[in-house]
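> sequence and predicted structure, then a few things I'm wondering about:
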Amino acid sequence: MNNSKFKIQNSKFLLLFSAFCFLLSPFFLSAQHFETYFENKTLRLDYLHIGNAQGEKIEPVTFWQGGIWSGTREQLIEPERLGEMVLTVKDAQTNDVIFTRSYSTLFGEFVTTERAETEEGKFEECVLIPYPKMPVKYEFTVFCRHNNPTFLYEGEFNPKTTPQKPFVKEYNVIDLHIGGTAENCLDILFIPDGYSKKNKKKLQKDMKIFADYILNCSPFYENKDKINIRAIEGYSKESGITNPNANVFKNTLINSSYNTIDVDRYLMCLNVWKMNEVADDAPYDAILIICNSTKYGGGGIYNFYATVNSDCQFSDYVTVHELGHSIAGLGDEYFTSEVSVRDFYPEGVEPVEPNLTTLVEFEKKWKLLLQDVPVPTPDTDEYNNVIGVFEGGGYVAKGVFRPWRACTMKEKIYNGFCPVCKEAFGKVFEYYGSSE
Ligand SMILES: [Zn+2]
């Protein structure tokens, strides 16, 4: 009897103790103390990401400051890592982690290509941090596809002594949809590329069309009050977009180009510093570059940016598919198209993407949503619109599984995100809107 009483007291003590630990955890501290550590302003670091298949390094270049902090204030320590890069910011004095951000990069894709075996890549990248009130340390860590971390860089930033350049306002900003304050919403910012001054009317019209592509697609549709969409009214010297395969080279606002890492339809921007400099005229959490071109193309990288071409029959689908990558960290559910990345989802490793599984740690994915279906689930009409475990996804036909037969992350279907992908978007809206 004594023994059981002791057990009860002991478990009460454990409960109290774990509550105490929770209070001390960096998550709780940062959630309560945005104002202790940060000003309502953004710090941006431009840096270079250099390397090849054998190794990589980070070279910081310029700190910029200005604007407001439009990101989360409650979940300053991210609840989960979805990208391969992690930026960690620590209080320089106490070493407490006060901010983390995971994201992916074009460099991360480049190093998996055949070209990276022999060639070195040098890519522009940026990170945004709420502006620290006191000196901080910042660290870059990269996780390989086997989820092993490699430390890349540690630097210090002192708000009083580190050289910084101010944001400079240059462009008119068009409000396309305002669901709430920047602090409490996912702020999507459009940057038009390849629109010359002669294309002014088209630019204004296209921005509205693309805002509707987003807002009319579920789950954006149901979450309009958690989303803001704005566009930078920025013009390019020339109209059109660079397409090296057709020997077309254009002088545009942020230098977007087809044939990125040797895939013709892969449309990306190599001037990432300029892109963020243009973007900092408005609050933004996610960038969509709208490229004035009739040639099919696009791209999207988690917490980095997304692109789409303006005029083709699939532009609505490409817009939301690429935002699936860049905003929700979703993986491609298809396995038939040409890609240059290799061994993207190694055997025996659970992918970080919420909509793909190798069944290694399926319980972390959509296992709880399954209802009486065989695993793997046959890819037959009987299982249309049913959550299952369909083999094929993430660029391979075997060993990687997807939750739905034909989701927007697999087929050219607009407004067809599966329940698993919608849930991933739901977490993002919660992340950005959690301060209310
Ligand atoms: Zn899906």
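Yes, it's here.

> can you give me the strands for the stretch 151-300 of the chain?
For the stretch 151-300 of the chain, strands defined by DSSP state E, counting those that start in this stretch occupy the ranges 165-166, 172-178, 186-193, 227-233, 256-257, 268-269, 286-291, 298-301.

> okay if I get those strands as TSV plus mean neighbour count?
(Glycine included, C-beta is placed from N, CA and C.) Formatted as TSV, the strands of the stretch 151-300 of the chain follow (neighbours: other CB atoms under 10 Å):
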stretch	mean neighbour count
strand 165-166	12
strand 172-178	15
strand 186-193	27
strand 227-233	24
strand 256-257	26
strand 268-269	26
strand 286-291	26
strand 298-301	25
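
> what about the ones you listed, which gets the closest to the ion?
strand 298-301 (14.1 Å; CB to the ion).

> where do the helices sit along the stretch 301-436 of the chain?
315-326, 419-432 (DSSP state H, counting those that start in this stretch).

> is the ion within reach of the shortest one?
No: Helix 315-326 lies out of reach of the ion by CB under 5 Å from the ion, never closer than 7.8 Å.

> if I look at the residue nearest to residue 164 when sequence neighbours are not counted, how far off is residue 335?
Excluding the flanking residues, the one nearest residue 164 by CB to CB, 6 or more residues apart in numbering is residue 63, at 4.4 Å. Using CB to CB, to the nearest Å, one obtains 42 Å as the distance from residue 63 to residue 335.

> thinking again about what came up before, which ones are touching the residue nearest to residue 164?
Residues in contact with residue 63 (CB atoms under 8 Å, 6 or more residues apart in numbering) are 43-46, 157, 162-165.

> from those residues, list just the buried residues.
For the contacts of residue 63, a burial check counting by 16 or more other CB atoms under 10 Å picks out 43-46, 157, 164.

> and those residues, which is closest to residue 150?
residue 45 (19.3 Å; CB to CB).

> element containing that closest one?
Using DSSP states H and E, residue 45 maps to strand 38-52.

> show me the contacts for the residue in the stretch 251-400 of the chain that the ion sits nearest to.
Using CB to the ion, residue 355 is the residue of the stretch 251-400 of the chain that sits closest to the ion, at 4.5 Å. If a contact means CB under 8 Å, 6+ apart, then residue 355 has 330-331, 333, 366, 393, 402-403, 407, 409, 418, 420-421, 424 as its contacts.

> tell me how far residue 235 lies from the ion.
For residue 235, the distance to the ion (CB to the ion, to the nearest Å) stands at 37 Å.

> give me the neighbour count for the residue nearest to that residue when sequence neighbours are not counted.
With sequence-adjacent residues excluded and distances taken as CB to CB, 6+ apart, residue 235 is closest to residue 197, at 4.9 Å. Counted with other CB atoms under 10 Å, the neighbours of residue 197 add up to 10.

> where does the stretch 301-436 of the chain dip in pLDDT?
Counting by pLDDT under 70, the stretch 301-436 of the chain shows low-confidence ranges at 337-342, 434-436.

> and it, which of its residues are near the ion?
355, 407, 409, 418, 421.

> show me where the stretch 1-150 of the chain has its strands.
Under DSSP E, counting those that start in this stretch, the stretch 1-150 of the chain gives strands at 38-52, 55-66, 85-91, 97-103, 121-132, 136-143, 149-157.

> which residues does residue 132 bridge with?
Beta bridges link residue 132 to residue 38 when assigned by DSSP bridges.

> that one contacts residue 162, correct?
No: if you go by CB atoms under 8 Å, residue 132 and residue 162 don't touch, sitting 10.1 Å apart.

> list the residues that contact both of the two?
In contact with both residue 132 and residue 162: no residue, using CB under 8 Å, 6+ apart.

> pull out the buried residues from the residues of the stretch 301-436 of the chain next to the ion.
Among these, those buried by neighbour count (16+ other CB under 10 Å) are 355, 407, 409, 418, 421.

> quickly note the distance from the last one to residue 89.
When you say that, I think you mean residue 421. Distance from residue 421 to residue 89, by CB to CB: 30 Å.

> with the first one instead?
The span separating residue 355 from residue 89 equals 29 Å under the rule CB to CB.

> what do you get for the second one?
Computed as CB to CB, the residue 407 to residue 89 distance reads 35 Å.

> what ranges do the helices span in the stretch 151-300 of the chain?
Taking DSSP H, counting those that start in this stretch to define them, one finds helices in the stretch 151-300 of the chain at 200-215, 272-279.

> make CSV out of those and add mean pLDDT and mean neighbour count.
Below are those laid out as CSV (pLDDT from 0 to 100; neighbours: other CB atoms under 10 Å):
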stretch, mean pLDDT, mean neighbour count
helix 200-215, 98, 17
helix 272-279, 98, 22
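
> reformat the ones you listed into TSV and put distance to residue 223 next to each item.
Listed next are the helices of the stretch 151-300 of the chain as TSV, based on distance: least, CB to CB, whole Å:
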stretch	distance to residue 223
helix 200-215	9
helix 272-279	22
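
> now these as a markdown table including distance to the ion?
Shown next, in a markdown table, are these (distance: least, CB to the ion, whole Å):
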| stretch | distance to the ion |
| --- | --- |
| helix 200-215 | 17 |
| helix 272-279 | 28 |
